[in-house]
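Chemist: how would this look folded up:
(4 chains)
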There are 2 protein chains.
Amino acid sequence: MHAESSPTSRELLELVFQVAGRLREGFTRTAAELDLPPTQAQALASLEGSARMRDLAEVLACDASNVTGIVDGLERRGLVTRQPDPADRRVKHLVLTEEGERRRAALLAESARSADEVFDLPERDRLALRDLLKSLVPADWHASCDPRQ
Amino acid sequence: MHAESSPTSRELLELVFQVAGRLREGFTRTAAELDLPPTQAQALASLEGSARMRDLAEVLACDASNVTGIVDGLERRGLVTRQPDPADRRVKHLVLTEEGERRRAALLAESARSADEVFDLPERDRLALRDLLKSLVPADWHASCDPRQ
DNA sequence: TATTGTTATACTCTATAACTATA
DNA sequence: TATAGTTATAGAGTATAACAATA
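Modeler: Numbers count the residues shown, from 1 in each chain, chains lettered A, B, ... in the order given. So this is what the prediction gives:
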């Protein structure tokens, strides 16, 4: 037998899913600790300054019809408000409340801490990992949400 | 400015999710081409020889109550049969039909081809990637299904 | 008592389609 | 006509709880 055989794509796939699973669990746990369902947490994390509903749908890579419910949840929790656009009355801008800003900061800080636990590597390895992963996704790639896609 | 700064855990997290997303899309597309919903495809891929319903729940990392429906689907498609265990009449063994074996072989072949497209790297890099990813998951880690964790 | 598989039920996240109000 | 957001609805995929049959 030889020392190291080239890993199969299936082995690499399983490892990627395991790492992604650990990261997802960490994020979901962090969100739950802040009383946020995962999708609301993802939306909150992405909100900076003022965004239109439409932009949020783009960022979340999901259909616009879902955004209504997600934002309803954030509004019910007092984290975000819908502000009319003075120039185009169809458009609504999402603006974080003070509590929304606090919650978002806590979410970002804690989820970063959680990801740090997973990526507990020396700088040399972090660089190598980043370069390898970068080479696996086209520059313009972005996920679609529909799991059936 | 310096040449390379250490990537943040957030950057690495996003890259892992992008790669996982590409892989998931590839698998889902392959499954759809073979007329299989993703979960049935995942179950079919894992079936080799004879497995109990219970084992399948373990492999899929989901509650046993879900397995009934998944196996119902595979049975409806004529890919698997439930065989009683002669020694323990509570237990049912899942046995692939001939068509089930064919479909599974096609699924494995095509999903491997699809993953190869993502992991299009020289052997040196595949080895490096495997070692890095391996260091990120505890040996005994395995995903939980509930997205609420 | 404990375990295997099933059923009933509910929740989350996604989609499509039809609608409104604007542009 | 086209776009922003909403509503209604449906379909996956998950869970928990209660159950029957069996160990």
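Chemist: Checking the residue positioned nearest the centre of chain A next. Helix, strand or coil?
Modeler: The centroid of chain A falls nearest to residue A:42 when counting by C-alpha atoms, centre = their mean (4.7 Å). Under DSSP: H, G, I helix; E, B strand; the rest coil, the three-state class of residue A:42 is helix.
Chemist: thinking it is in contact with residue A:61, fair?
Modeler: No - with contact defined as C-beta atoms under 8 Å, residue A:42 does not count as touching residue A:61 (10.1 Å). C-betas here are computed from N, CA, C, even on glycine.
Chemist: Now do the phi/psi pair for residue A:62.
Modeler: Note on residue A:62: backbone dihedrals following degrees, to the nearest 10 are phi -140, psi 170.
Chemist: What of the one 3 residues further on?
Modeler: Dihedral angles phi and psi of residue A:65 (degrees, to the nearest 10) take the values phi -60, psi -20.
Chemist: Same check on residue A:84?
Modeler: Backbone dihedrals for residue A:84, given as degrees, to the nearest 10, come out at phi -70, psi 150.
Chemist: For the nearest residue to it once chain neighbours are set aside, grab the count of nearby residues.
Modeler: Spatial nearest neighbour of residue A:84, chain neighbours left out: residue A:92 (6.3 Å); criterion: C-beta to C-beta, 6 or more residues apart in numbering or on different chains. Using other C-beta atoms under 10 Å in any protein chain shown, residue A:92 has 17 neighbouring residues.
Chemist: So is stretch A:81-91 next to DNA strand C?
Modeler: Yes - judged by C-beta under 7 Å from any atom of the strand, stretch A:81-91 and DNA strand C are in contact via A:87-90.
Chemist: typed the wrong thing, it's stretch A:29-37
Modeler: Yes - residues of stretch A:29-37 contacting DNA strand C under C-beta under 7 Å from any atom of the strand: residue A:37.
Chemist: Would the strand or helix carrying residue A:16 count as contacting DNA strand D?
Modeler: Here residue A:16 sits within helix A:9-33, counting by DSSP states H and E. No - contact of helix A:9-33 with DNA strand D (C-beta under 7 Å from any atom of the strand) is absent, the minimum separation being 11.2 Å.
Chemist: Buried residues, that helix. List them.
Modeler: Buried residues in helix A:9-33, counted by 16 or more other C-beta atoms under 10 Å in any protein chain shown: A:9, A:11-28, A:30-31.
Chemist: tell me the angle it makes with helix B:9-33.
Modeler: 120 degrees (axes from the mean of the first three to the mean of the last three C-alpha atoms, to 10 degrees).
Chemist: tell me how far helix A:9-33 is from the chain's mean position?
Modeler: Computed by C-alpha atoms, centre = their mean, to the nearest Å, the separation of helix A:9-33 from the middle of its chain amounts to 13 Å.
Chemist: Next: stretch A:131-138.
Modeler: Relative to where its chain is centred, stretch A:131-138 has its mean C-alpha point 19 Å off (C-alpha atoms, centre = their mean).
Chemist: End to end on it, go ahead and measure it.
Modeler: Criterion C-alpha to C-alpha, to the nearest Å; first-to-last residue distance in stretch A:131-138 is 13 Å.
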